[in-house]
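**Q** please find the sequence and the predicted model below.
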Amino acid sequence: MKKLRLPGNLRGLKKAARDFWFGKPHGERRLGELYVDKTGLYKHREWRGVKDTLYYFNNVWLYNYGALVGDVVKYSDPVTFVRGLWRYRWIGQAYLPVLHWFDRGLEGLRGEALRASAWHYRAMVCVSVNQIGNLLKADAKLHNGAHNDAWRHTVAHKETVWGGVFYPWSDRLAHVPMEMIPYFITCHVNNHVVLNYIDAVQGIGLPGDPCPMCQAEAGLFVLDDMPDYAPFVVTTNEACDGSVASAAIQDWFLDRPLFALPQPMRFDDPLVQEHCANEIRELWKFVEEQTGLPFKWELLKQNLERQNELQRFEWEKWDVAARTFCYPINSVAQALYRIYQTQYGDHPIWHITDRRVGKIMNRCVEKKIDAFPKTRHRVIAWSCAPLYYSHWCTWAYNCWGLNTVINMDSLMFDMTIRTDTQENCMLDMARYHEWAPMRRMVVGGMHHIFELWSYMERFRCDMVMMYDQLQCKGMQGVVGLFEDEFRKRGVHAIWMPHALPDKRTVSRTEIRRIVNDYMTTVMKEEPLDPSLLDFDDDMGW
Amino acid sequence: MRDLKHMIFFENLLQEANNDLVKQARGEGKRALGYTCYFMPEVLLDLPGCFSVRLRAPRSGSPDMATYYMSNRTCHYGRALLERALEGGFHFLDANLATETCTVTCRFQEHLERMGVIQNPVFFSTFTDVPFKKNENSMVHYRKQLQAHVLDPLREKLGVDTSDEALLAAIEEHNEVCRLITEIGEYRKLPNPPVTGYEFHVIQLVTLTCPKYLILPYLRETAEELKTREPDAKPPFRCRVVLAGAENDDPAFTALVESCGALVVADRYCYGSLPGREEIVVPEGQRPLDAVARHYLQTSCCPRFMPQEQMRERKKYLADLVRAYHADGLIVASNKFCEYWSYERTMDALILPRDYGIPTCSIEKEYVNASTGQLRTRFQAFVESVEIKKLQEAK
């Protein structure tokens, strides 16, 4: 055990006192030494100074552990929850390490950045527990095969169907994306869980090269690890060929009424909007037929207006991120919160969070607080991120001063929806539906992928973290054109290979090594925290 | 069997995209229009004054330049096409009528557009959005797309006559090709067909890659010849199979299957005739374009269609083919990195044996089948298993 040594002189004592009170300055923290080798677990939590450590302990750690219990009581009932925990491996394996997920994403943060980012995490946990509650309450598998009232009043849909299409029934139906918790959120929290599902679908003969996200989504059904919580299903072709194809496997296993909600691939074509709007109308007819519950226009309108409020605040955030150095939200919080919020649709916690974050952000701007003072490069992250290492950007800032200001997923759904007339509303809903993650820029026309350059300018970025999802055919199909453009424009770009949820293809360690290599050999820079250069967290959550 | 009179000529036509008949048609002032997918109705590209060429990259090697642009983790077919384009093999094209129906061929076509690969001053490329369903909304959408992204550009940029009369004439010519291919294909239902799977594959491919008006005389003659062609008394085949799956424009692959003892009696793959060579019917009072749009959406069995009934009908369609062509089994082949067919093949290999009792061989292949040893072993084993099953059933 390492012995505590007291400094031998006054200067040392003063520094020790300052470090105790304010926390060590960036560069002296040696955060890598906090890890237990090979596990990614902490020997002890980081000392962030008295104020921030107390804040973290009280407002993040205790508060969220309390909320994890409170939300279960609020959205479900403890008995059903425990039965679900026992029945579905993704609940137990993802529920318990939630606070470690906070720790990883918020590592090294101080002051306003810590507070604003933590609220984003809290909101995501709240909505997740809400969804788990809805899943389990309605799950026939947990109720001896009985189809209860909750089952009859829940809509199951593919996670890439925008939840907003169910707004007209928000007072009578719950909607739960099938894979969002079992696959998407789970993967962020505990990267081991989904591997099992990928193996399962390959076990029935699927080759290993299709998109691993779709593989994992299909594997949930192969292993019968999906609750039976709704009488019908809505699926979509968003985002890619793999999504279309995996819908067939899901249909086979689910064997219940299914509505396919397609999004046109050439979404820039003005001719496609009416077609897309008509498909949404067809969906609404289907929901009415299946549930016997009428469509409510006023309810749709109210929900959309609330959603528009969220979008307007997002634009404020982008404005602060683009024009100032005061943006207090770290990249992983920004990316995950945004994608979750926009994909799931309106929820009260988003508004509560935005109000809290708005206050923090305004304080930063008014007081000119530099939330990420050790920024050496302003980075834009482009394409699809590695789900098993979404917090790479926290590491990159701590280790190299790479501040990822914005990312591609955040920039999707970049619009409000008109509610003045039904016609305008339908056209905007169609457009919104088409501008989903992994669609607007990754597949569906090459034009938007190259909006990277204008966003770099807008957010004053000098580096690109180019996600290289090895099994995404859409992005693999343009790698050469990006290489050409990077060279032509003299842009520093780091290609980050990964396989979305499958850490076995490119490990976190390998990703860090690639960034380290670029920063030392190309950028000729020294790390801010050398203890973070090389550590093994392969067995970690 | 005695060789078909035009088989060597047909084989030669498949040696390159810009083949002798394409050159002849261009020499006669016709416009060459490229496309890759069944969802681009070839009949619209065969209007008077132009002709369709379904793009292939025969005799491809390693697509090094295309791999730089599209990485080695994308479908070899898409990369082979881009390589051929970068090599200059598609400079004869006057236009490319693109569809975003699978990601990698879409990316290939976007490269054509963005990089200015085709050195032909009149060349242009347009994209058609293809629906994922067969409902009325999709029909209307598809028709509008074909009008806006196929007929209008052809008229405006190349001066092609796109009137209903011209369209009807193209449909008539197209239907004759379909009748002939269907007539030839029907022989495959016979116990001892006078045409092999390989020969049929070659004949079907030349109809996709050559100007219709130039290939028709040869087709007519071949159909006539087959009426009296005597099959071998003891054919070398030990079983009959339906070949299904992803893009397959390589007759050598069919030859490989047949060399293992399995006669290919039906071709349900991209570039195949089932579906694809059904006649287009224009009902009284309907515009020809409406009928074309409806026909191509209705006949397609692409795994891209998402509605539940279509996902399930596709399996039944395969089972029906097996019965109609008296096949003993099914071979489903997908190209490596093809997302659609990776899943479809997996499902076919599970559902067809289980629900329909059809022996199924599921394989993954490359666009260029350079190393065929492993495939040969798989096919031989499959043929043996089918033979054993037949013996057991006979007992």
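**A** Done, it's in. Residues are numbered from 1 along each chain as shown, chains lettered A, B, ... in the order given.

**Q** going forward, measure contacts and count neighbours with C-alpha atoms only.
**A** Will do.

**Q** just the pLDDT for the most centrally placed residue in chain A.
**A** Nearest to the mean C-alpha position of chain A, by CA atoms, centre = their mean, lies residue A:336 at 2.6 Å. Residue A:336 is assigned 96 on the pLDDT scale.

**Q** look at it and tell me its secondary structure.
**A** helix (DSSP: H, G, I helix; E, B strand; the rest coil).

**Q** in chain B, which residue sits nearest chain A?
**A** Here chain B gets closest to chain A at one residue, residue B:69, 3.6 Å apart by CA to the nearest CA.

**Q** so where does the residue lying closest to that residue once chain neighbours are set aside fall, helix or strand?
**A** By the measure of CA to CA, 6 or more residues apart in numbering or on different chains, the closest residue to residue B:69 outside its immediate chain neighbours is residue A:480, 3.6 Å from it. In the assignment (DSSP states H and E), residue A:480 maps to helix A:479-489.

**Q** which parts of that helix are buried?
**A** A:479, A:480, A:481, A:482, A:483 (16 or more other CA atoms under 10 Å in any protein chain shown).

**Q** now swap in stretch B:358-371 and tell me
**A** B:358, B:359, B:360, B:361, B:362, B:363, B:364, B:365, B:366, B:367, B:368.

**Q** need those residues in TSV (columns: secondary structure and distance to chain A).
**A** Shown next, in TSV, are the buried residues of stretch B:358-371 (DSSP: H, G, I helix; E, B strand; the rest coil; distance: CA to the nearest CA, whole Å):
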residue	secondary structure	distance to chain A
B:358	coil	17
B:359	coil	15
B:360	strand	13
B:361	strand	12
B:362	strand	9
B:363	strand	10
B:364	strand	8
B:365	strand	11
B:366	coil	13
B:367	coil	16
B:368	coil	18
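
**Q** what about residue B:201, distance to residue B:258?
**A** 12 Å (CA to CA, to the nearest Å).

**Q** what of residue B:387?
**A** Taking CA to CA, one finds residue B:387 at 15 Å from residue B:258.

**Q** higher neighbour count, these two?
**A** More neighbours surround residue B:258 than the other of residue B:387 and residue B:258, with 24 against 15 (other CA atoms under 10 Å in any protein chain shown).

**Q** just say helix, strand or coil for residue 114.
**A** With no chain named, the answer covers chain A. Classified using three-state DSSP, residue A:114 is helix.

**Q** wrong one, I was asking about chain B
**A** Put simply, residue B:114 is helix when judged by three-state DSSP.

**Q** for the record, mean pLDDT for stretch B:126-144?
**A** On average, the pLDDT along stretch B:126-144 is 97.

**Q** can you name the residues in contact with that stretch?
**A** A:262, A:264-266, A:271-272, A:275, A:278-279, B:39-40, B:96-101, B:145-146, B:149-150, B:289-290, B:293-294, B:297-298, B:304-307 (CA atoms under 8 Å, 6 or more residues apart in numbering or on different chains).

**Q** which bits of the stretch 101-250 of chain B sit near chain A?
**A** Neighbours of chain A within the stretch 101-250 of chain B, by CA under 8 Å from any CA of the partner chain: B:102-104, B:107-108, B:110, B:127-133, B:137-138, B:141, B:144-145.

**Q** buried ones in stretch A:361-373?
**A** Under the neighbour-count criterion of 16+ other CA under 10 Å, stretch A:361-373 has A:361, A:362, A:364, A:365, A:369, A:370, A:371, A:372 buried.

**Q** among these, which are located in strands?
**A** Among these, no residue falls in strands (DSSP state E).

**Q** and the two most separated of those residues?
**A** For the buried residues of stretch A:361-373, the maximum inter-member distance is 15.7 Å, found between A:362 and A:372 (CA to CA).

**Q** give the burial count for the closest residue to residue B:41 other than its chain neighbours, as a bare number.
**A** Leaving aside its chain neighbours, residue B:41 sits nearest to residue B:296 (6.8 Å; criterion: CA to CA, 6+ apart). When neighbours are counted by other CA under 10 Å, residue B:296 registers 22.

**Q** for residue B:296, grab phi and psi.
**A** phi -70, psi -30 (degrees, to the nearest 10).

**Q** I'd say it and residue B:39 touch.
**A** Yes: assessed by CA atoms under 8 Å, residue B:296 is found in contact with residue B:39 at 6.6 Å.

**Q** whether the helix or strand that the helix holding residue A:480 is followed by contacts chain B - can you check?
**A** Following helix A:479-489 in sequence order, the next helix or strand is strand A:492-498 (DSSP H and E). No: with CA under 8 Å from any CA as the criterion, chain B is not reached by strand A:492-498; the gap is at least 12.3 Å.
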